[in-house]
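Asks: Predicted model, plus sequence, below.
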Amino acid sequence: MNDVLDGLPPIERLAASYAPASLRPLWLGYFALEQRLAEAAREGRDTIMIQLRLAWWRDRLGESPDRWPKGEPLLALLQPWHTELLALVALVDGREVLHAGEGTSSDLDEARVGVMQALGRMSGAGHEDDISAAAREWAGLASPGRTAPRLPRAMRPLAVLRGLALRGNAGSPIGRFALALRLGLLGR
């Protein structure tokens, strides 16, 4: 399983570290799946191979975790998602629509918002409207409001992702890291 997590970007690892310990596997599984899907559909790959890989993930996520192959570490990491697998299937669909040129990146972004809503439900966090607003701002589907949505502690990784996305690549790497630390600790 460490092989799956070793390749995660530092910011995603940092964001996940602010989730309560019981929810951290959900966040890490999501981040690892995003990375795996991006790798499967990366530019320059054969179109048929991309479609086969995405179809494999859609099929696995569309069936009961009891039927998943035991040798895939990412599927083991995604086991806790058993009640919200449809949100992950939508992520695969969004990636495929984007790859096939039948849609725009907003299809994938909408799926990401759905994943954040699913994370909120699985965490029992409540605050559905605030989670949706923060997720839409993070995904670039909505302009930031006057004030940041109030996110519960369980959704602190989303506060980090949202804050960094709104800042873009502005500032130094140390400044971005400091912002991520502040957002992780304070949620704002």
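Replies: That came through, no problem.
Asks: what's the residue found closest to L185 once you drop the neighbours it is linked to in the chain in contact with, if anything?
Replies: Nearest non-adjacent residue to L185, counting by Cβ to Cβ, 6 or more residues apart in numbering: Y18, 7.6 Å away. C-beta here means a position set from N, CA and C on the backbone, and glycine is covered the same way. Taking Cβ atoms under 8 Å, 6 or more residues apart in numbering, we find Y18 in contact with 156-157, 159-160, 184-185.
Asks: what does the model give G101 for pLDDT?
Replies: According to the prediction, G101 has pLDDT 68.
Asks: Identify the residues contacting the closest residue in space to T83 that isn't next to it in sequence.
Replies: The shortest distance from T83 to any non-neighbouring residue, by Cβ to Cβ, 6+ apart, is to M122 (6.6 Å). Going by Cβ under 8 Å, 6+ apart, M122 touches 23, 26, 80-81, 83-84.
Asks: Same question for S132.
Replies: Contacts of S132 by Cβ under 8 Å, 6+ apart are 113, 116-117.
Asks: closest to Q35 among those?
Replies: Nearest to Q35 out of those is M116 (Cβ to Cβ; 16.7 Å).
Asks: Check the burial of that closest one by counting its neighbours.
Replies: By other Cβ atoms under 10 Å, the residues close to M116 number 24.
Asks: cool, A178 as well?
Replies: 12.
Asks: Just the C-alpha atoms of the helix or strand harbouring it, please, in PDB.
Replies: Using DSSP states H and E, A178 falls within helix 173-186. C-alpha atoms of helix 173-186 as PDB (Å, rounded to 0.1, in the frame of the first residue of the first chain):
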ATOM      1  CA  PRO A 173       6.800  27.700  -2.600                       C
ATOM      2  CA  ILE A 174       7.500  28.500   1.100                       C
ATOM      3  CA  GLY A 175       4.600  30.900   1.100                       C
ATOM      4  CA  ARG A 176       2.300  28.300  -0.400                       C
ATOM      5  CA  PHE A 177       3.500  25.800   2.200                       C
ATOM      6  CA  ALA A 178       2.900  28.300   5.000                       C
ATOM      7  CA  LEU A 179      -0.600  28.900   3.700                       C
ATOM      8  CA  ALA A 180      -1.300  25.200   3.600                       C
ATOM      9  CA  LEU A 181      -0.100  24.800   7.200                       C
ATOM     10  CA  ARG A 182      -2.300  27.700   8.300                       C
ATOM     11  CA  LEU A 183      -5.300  26.400   6.500                       C
ATOM     12  CA  GLY A 184      -4.700  22.900   7.900                       C
ATOM     13  CA  LEU A 185      -4.400  24.100  11.400                       C
ATOM     14  CA  LEU A 186      -7.100  26.800  11.500                       C
END
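Asks: Brilliant, that's me finished.
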